[in-house]
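K.L.:
Give me coordinates for this.
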Amino acid sequence: MMGIGKDFKVSGVALAAFCLAGLFAPAHAQTKVVVDPGKKYQVFEGWGTSLCWWAVKAGAWSETNRSKLLGAIADPDTGLGYTIFRYNIGGGDQPGHNHLTKGDGGANVPGYKPTEKGDFDWTADPYQRTIAIELSKRVKSPIFEAFSNSPPWWMTKSGCVSGSSDGSDNLKEDYFDDFADYLSEVALHFKKEWGITFRTVEPFNEPSAGWWKSNGGQEGCGFKNNQTKMIVELGKALQKKGLFPETSVSAADETNIGDALNQFNKYSSEALSYMFQVNTHSYSGGDNRAKLFNAAFAKDKKVWQSETGPLHKSGDENIALWMAGVILADLRDMKASAWVDWQIGDPAENWRSLALNHSKQTFSPNARYYMHAAFSRYIRPGSRIIDSDNGNTLAALTPEGALVLIVRNSGSSDVKYEFDLGEFVKIGTSAKVVRFELPGSLTKQSDIVVSGKALSMTAKSNTITTMVIDGAEGGVCKPDTIIPYVKIHDGGWNETTDVKLNKGDSLSIGPHPWEGGRWVWSGPAEFKSTSREIRFKNMDGTMSGYYKAVHTNASGCEGSVTFKVVVDDPAHPFVEPDTTKQDSTDEDSTTAIGQRGIVGMLQPLNAGESIQVFDMQGRFLGHSLKQAPGTYLVRQGKNLRQVRIK
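P.N.:
Numbering: from 1, shown residues only. As a prediction, the model looks like this:
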């Protein structure tokens, strides 16, 4: 695990709180499950694993034995079909330090710049790199991410890559740009020399945890503060070297989803401009899954579950079924676009899917391996997660038009399910079925008949059942209902889209849904916002006009609402925009008040009569048409016309 040791203890109170936070979807009494293809959620990018520390060891295997191992990991039919791989850019510890012993010694990842004044050493880390290169050639459309556990030792305050003396931030204050240069230079070399383009570079690993201390068993660096600064420096370095935006930044790989949410909400707009996705580990903080997705979605960022494992497992539930519960929660509640295991070949039994014998260069799968295959062989990259209203199920539409249904039953009794597929316009007549069972197998079962757009099945105890139905079509996108709430000063909220205010009033517009989705506002004076709730103080007539909010929900469905806001301000009266088309665009000197270049029909001026000129948002501009070229609103007496000045 990228974090604390396997002997970490959790107090009874903390463990109880964690369980109540909802790591798993609760058991459901209902057996009828409605699958709604109209509620389409994240496009799934794939399954994966980090390469450290197993690849540091397995990269030394013979080519033949490596090929067998990588087939078990990457083959989509007989293996796990993993397509996402996280390469660890090592920091490299100070000479004389010999404490990086985790992962059968694989945690001692060499750095590419062992000294501050010396050159880069591109012969470093040959074994992890060998695995990465071979996967890049074997896997169709792989996604590679580079991540750092610590800067090189000479950039750290402690002179040690496992952390500071007290777990505090360990990068020297004036080395942010140096660290960014280091990571970006490695990314550039991988692209130019080894043919691997990292889609993202992650400068942190569990940065707020507080447990990274000197002389520890693995690299680690506290980075609780100044994450925005580091993201910006890294983004600038990638851009300077011509890598951005093909290679962008991800952050922050916090161990707790709540920490990931808190840090993300602090990132500046500049930092967000360099970020492609939000990374989080899902070891703890499960009650923040939906909140993190909502925050990221509002800023148009993907969410990756970039590392996890059974850190806080309790009870007697089989590890494979327990981890299946983590997958369901991460994909259903956090809507993760990718699901990445810590390391597929961890030395600890509960943490691995493959038991690796590095001395004999052999491997063997365990129960977790077959459990993962029940997901990863069938929900392939490009599949779209859709809605199913039972927490022990997962539904997805594949790019080929098949519906995949997965059911987890970790209880001691069989459970009967009826899947309602009535929302589909078309659906196949039978489901192909495979079942994961203990102690560890994935076997083909008899097909299940689909009749009347319904499927009935029995989920045996302690199993995972995967069903694939071809010919799935349909699903109407359903926008969320928008409720238009407004508030003047500190009064109560009123449900209206027609707002009248006095000059000097304050206004809040806060439509619902109050949580989730992405908001985009437009309005007078080129007003723009991406917040759900917008607020104005000391309003005047120049702020009158129409404010439109477009809400995009997690399914990608758009709804909108428009608020008419009128401020009673004699100096800047509101003018209703004329949206009708003009019948004539011919210039007429007798009706266009004799001004050259004005197109539009105005009546001749009477004695003492004046005109009022407004821009297209209704802002008062004066009593003369001596304006820059453009389109304007002109009020003449009781008549309002739209005119164009060439």
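
K.L.:
how close does the closest residue in space to Gly545 that isn't next to it in sequence sit to Leu507?
P.N.:
Distance criterion C-beta to C-beta, 6 or more residues apart in numbering; nearest residue to Gly545, sequence neighbours excluded, is Pro524 at 3.4 Å. Quick note: C-beta positions are derived from backbone N, CA and C, even for glycine. For Pro524, the distance to Leu507 equals 13 Å [C-beta to C-beta, to the nearest Å].

K.L.:
ok, now which ones touch Ala271?
P.N.:
By C-beta atoms under 8 Å, 6 or more residues apart in numbering, the contact set of Ala271 is Gln227, Thr228, Ile231, Val232, Gly235, Val249.

K.L.:
Make CSV out of those residues and add neighbour count.
P.N.:
Shown next, in CSV, are the contacts of Ala271 (neighbours: other C-beta atoms under 10 Å):
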residue, neighbour count
Gln227, 22
Thr228, 17
Ile231, 27
Val232, 21
Gly235, 25
Val249, 29
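
K.L.:
among those, which two are most distant?
P.N.:
Farthest-apart pair in the contacts of Ala271 is Gln227 and Gly235; separation 12.3 Å (C-beta to C-beta).

K.L.:
quick one, strands of the stretch 301-450 of the chain?
P.N.:
Counting by DSSP state E, counting those that start in this stretch, one finds strands in the stretch 301-450 of the chain at the ranges 302-307, 338-343, 354-357, 362-365, 384-388, 393-397, 403-409, 415-420, 430-437, 441-451.

K.L.:
average model confidence for the longest one?
P.N.:
Across strand 441-451, pLDDT averages out at 98.

K.L.:
same question, the second one
P.N.:
Across strand 338-343, pLDDT averages out at 97.

K.L.:
Next, count neighbours for the residue nearest to Trp194 when sequence neighbours are not counted.
P.N.:
Leaving aside its sequence neighbours, Trp194 sits nearest to Ile133 (C-beta to C-beta, 6+ apart; 5.8 Å). Neighbour count for Ile133, taken as other C-beta atoms under 10 Å: 15.

K.L.:
Equivalent analysis for Asp568, please.
P.N.:
Residue neighbour count, defined by other C-beta under 10 Å, stands at 15 for Asp568.

K.L.:
just checking, it touches Gly504?
P.N.:
No: counting by C-beta atoms under 8 Å, Asp568 stays clear of Gly504, with 10.0 Å between them.

K.L.:
partners of the helix or strand in which Tyr283 is found in the sheet?
P.N.:
Per DSSP states H and E, Tyr283 falls inside strand 275-284. Using DSSP bridges, strand 275-284 pairs in its sheet with strand 248-256 (parallel), strand 302-307 (parallel).

K.L.:
give me every residue that touches Trp212.
P.N.:
Applying C-beta under 8 Å, 6+ apart, the residues near Trp212 are Ser150, Ser162, Gly163, Ser164, Gly167, Asn170, Glu206, Gly220, Cys221, Gly222.

K.L.:
And it, how far from Ala180?
P.N.:
Noted for Trp212: a distance of 20 Å to Ala180, by C-beta to C-beta.

K.L.:
again, but for Asp125
P.N.:
Applying C-beta to C-beta, the value for Asp125 to Ala180 is 20 Å.

K.L.:
in the protein, which spans are helices?
P.N.:
Ranges of helices in the chain, per DSSP state H, are 12-20, 54-58, 63-74, 126-138, 176-194, 227-240, 257-264, 269-274, 289-298, 319-332, 367-376.

K.L.:
what angle sits between the fifth one and strand 248-256?
P.N.:
In other words, helix 176-194. Per axes from the mean of the first three to the mean of the last three C-alpha atoms, to 10 degrees, the angle that helix 176-194 makes with strand 248-256 is 120 degrees.

K.L.:
List of residues touching helix 176-194?
P.N.:
With C-beta under 8 Å, 6+ apart as the test, helix 176-194 has contacts from 87, 89, 112-113, 120, 122, 129, 132-133, 146, 148, 151-152, 155, 171, 196-198, 201, 203, 226, 229-230, 233-234, 236-238, 240-241, 243, 247.

K.L.:
Got a PyMOL select line for the buried ones in these?
P.N.:
Selection of buried members from the contacts of helix 176-194 for PyMOL, criterion 16 or more other C-beta atoms under 10 Å:
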select buried, resi 87+89+112+113+129+132+146+148+151+152+155+171+196+197+198+201+203+230+233+234+236+237+238+243+247
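
K.L.:
For the strands paired with strand 275-284, give me a markdown table that also has distance to Ser353 and mean pLDDT.
P.N.:
Listed next are these as a markdown table, based on distance: least, C-beta to C-beta, whole Å; pLDDT from 0 to 100:
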| stretch | distance to Ser353 | mean pLDDT |
| --- | --- | --- |
| strand 248-256 | 21 | 98 |
| strand 302-307 | 14 | 98 |
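
K.L.:
remind me which residues of the stretch 251-400 of the chain are low pLDDT?
P.N.:
Applying pLDDT under 70 to the stretch 251-400 of the chain flags no residue at all.

K.L.:
before we move on, back to that, right, and out of the contacts of Ala271, which lies closest to Tyr41?
P.N.:
Distances from Tyr41 to these, taken by C-beta to C-beta, are shortest for Val249, at 24.4 Å.

K.L.:
one step back: got TSV for the contacts of Trp212, with distance to Cys52 and neighbour count too?
P.N.:
Below are the contacts of Trp212 laid out as TSV (distance: C-beta to C-beta, whole Å; neighbours: other C-beta atoms under 10 Å):
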residue	distance to Cys52	neighbour count
Ser150	12	29
Ser162	14	27
Gly163	17	28
Ser164	21	20
Gly167	21	17
Asn170	19	28
Glu206	14	26
Gly220	12	29
Cys221	15	28
Gly222	19	24
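
K.L.:
How many residues are close by Pro524?
P.N.:
Pro524 is flanked by 18 other residues according to other C-beta under 10 Å.

K.L.:
wait, I meant Ser506
P.N.:
Look at Ser506: counted by other C-beta under 10 Å, it has 14 neighbours.

K.L.:
separation between it and Asp568?
P.N.:
Note on Ser506: its distance to Asp568, by C-beta to C-beta, is 15 Å.

K.L.:
before we move on, what about Ala55?
P.N.:
For Ala55, the distance to Asp568 equals 69 Å [C-beta to C-beta].

K.L.:
now swap in Gln227 and tell me
P.N.:
Per C-beta to C-beta, Gln227 is found 47 Å from Asp568.

K.L.:
cool, and Gly474?
P.N.:
Noted for Gly474: a distance of 51 Å to Asp568, by C-beta to C-beta.

K.L.:
and if you look at Ala525?
P.N.:
The value you get for Ala525 to Asp568, if C-beta to C-beta is used, is 18 Å.
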